[in-house]
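[1] kindly return the folded structure for what I paste below:
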Amino acid sequence: MNKFTKAGIAGLFLSLTAVMASCGGSSTSTTDTAAVTADVYPVTVGDLTLDAQPTSIISLSPSATEMLYAIGAGSQVVAVDEYSNFPAEAVTLGTKLSGFEPNIEAISGYSPDLVIVSYDPGSLVEQLKTLNIPVFIAGAAMSLENVYEQIEQLGVLTGHSQAAIEVSKTLQTGIEDAVASVKFSNPPLSYYYELDNTYYSVTSNTFIGQIFNLFGMRNIADNVEAGNDYPQLSAEVIVSSDPDFIFLADTKCCAQDATTVAERDGWSGLKAVTANRVVELDDDISSRWGPRVLDLITSIRDAVAAANS
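    Predicted coordinates:
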């Protein structure tokens with residue numbers, strides 16, 4: 001496994017699952033929302049029907065784990081994957097199942113009545129169905145609307161539909177307020193979003209890119225590599241673009257910060273560096289599409305507001 005994959009696998013969870021989801025896998029998507037106002041079973045979301053409220057849930061998706069606890073379904077979770085490190089209650093479960101290379105024996109050992117994954121690695125879904133274990137694919141969000149929908153879907157499946165609706169509405173209101181609180185710059189402020197220290201980035205077509213679009217910002221990674229929304233930029237492209245901001249989503253995986261960026265050859269004179277606009281993000285928050293996406297948006301809001309002040 002190369003350095004990029006090993007060091008950045010947790011921080012790149014969002015981009016990896018987005019790519020995998022686009023390649024197919026489940027007919028249960030984040031857009032198949034069931035309209036349920038009361039927690040009466042059976043319930044159906046997409047092609048999954050549950051006859052009773054699940055009480056032994058396994059989450060192999062960090063984003064789904066955060067959603068489950070946010071909507072009040074945490075007490076029903078019996079195991080999570082190795083990257084589900086939030087909230088603390090999920091960590092105290094002491095389980096470290098793999099969401100990338102899942103072990104069917106380890107999963108079935110918990111006697112789950114619902115397994116949640118972000119994509120179908122190999123034949124996991126087929127194997128679970130063979131064992132009569134319900135599985136829901138909570139695929140990588142492609143938009144904020146997908147986030148709201150997925151929260152509500154999990155609410156329906158777990159028996160917390162009203163709480164999920166409230167979490168979704170609160171999140172949406174928080175995001176709208178954050179965006180409305182800053183003025184757009186003219187010309188647009190430019191940015192470079194760093195996934196790891198080998199300069200992988202995202203374009204405006206991605207979930208992350210769409211968040212920056214909310215603030216009217218210009219992505220220097222757009223059109224760098226046609227057809228690739230997760231391009232690897234060269235140092236020369238970044239330096240010549242001289243972005244107004246550098247957002248680091250590799251502070252944990254790759255130990256990057258404003259100091260290490262300034263120490264890179266030719267980077268010390270960049271506008272983002274000289275103006276103290278190197279923004280250090282939390283890798284986990286920036287790679288997930290759960291309720292804490294508001295924290296990411298708030299970080300961007302604060303940076304833009306400071307630049308406009």
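
[2] list the buried residues of the longest helix anywhere in the chain.
    Using DSSP state H to assign secondary structure, the helix with the most residues in the chain is helix 161-180. Buried residues in helix 161-180, counted by 16 or more other Cβ atoms under 10 Å: 161-168, 171-172, 174-175, 178-179. From N, CA and C alone the C-beta is placed, and that goes for glycine too.

[3] what's the answer for stretch 125-144, then?
    Buried-residue list, stretch 125-144, by 16+ other Cβ under 10 Å: 125, 127-128, 133-142, 144.

[4] for the stretch 151-300 of the chain, what spans make up the strands?
    According to DSSP state E, counting those that start in this stretch, the stretch 151-300 of the chain carries its strands in the segments 190-194, 218-219, 245-248, 278-280.

[5] take those and write them to a markdown table, including distance to residue 120, mean pLDDT and mean neighbour count.
    Output for the strands of the stretch 151-300 of the chain, formatted as a markdown table (distance: least, Cβ to Cβ, whole Å; pLDDT from 0 to 100; neighbours: other Cβ atoms under 10 Å):
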| stretch | distance to residue 120 | mean pLDDT | mean neighbour count |
| --- | --- | --- | --- |
| strand 190-194 | 28 | 98 | 24 |
| strand 218-219 | 30 | 98 | 20 |
| strand 245-248 | 31 | 98 | 24 |
| strand 278-280 | 34 | 98 | 20 |
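
[6] using TSV, please lay out the ones you listed together with distance to residue 295.
    Output for the strands of the stretch 151-300 of the chain, formatted as TSV (distance: least, Cβ to Cβ, whole Å):
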stretch	distance to residue 295
strand 190-194	16
strand 218-219	21
strand 245-248	13
strand 278-280	13
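
[7] for residue 88, which of the ones you listed is the nearest?
    Comparison of those against residue 88 by Cβ to Cβ identifies strand 278-280 as nearest, at 22.5 Å.

[8] so what strands line up beside that closest one?
    strand 245-248 (parallel) (DSSP bridges).

[9] mean confidence score for stretch 92-104?
    Across stretch 92-104, the average pLDDT comes to 93.

[10] who touches the host helix or strand of residue 63?
    Residue 63 belongs to helix 62-70 when assigned by DSSP states H and E. In this structure, residues lying in contact with helix 62-70 by Cβ atoms under 8 Å, 6 or more residues apart in numbering are 13-14, 57, 59, 74, 76-77, 80-81, 83-87, 89-90, 99, 116, 118, 138, 140-141, 150-151, 154, 158, 167, 284, 288-292.

[11] and stretch 254-273, by the same measure?
    Residues contacting stretch 254-273 (Cβ under 8 Å, 6+ apart): 7-8, 11, 192, 194, 196-197, 235, 238-239, 242-246, 248, 250-251, 274, 276-278, 280.

[12] repeat that for 6 Å
    If you take Cβ atoms under 6 Å, 6 or more residues apart in numbering as the criterion, stretch 254-273 is touched by 7, 196-197, 239, 242-246, 248, 250, 278, 280.
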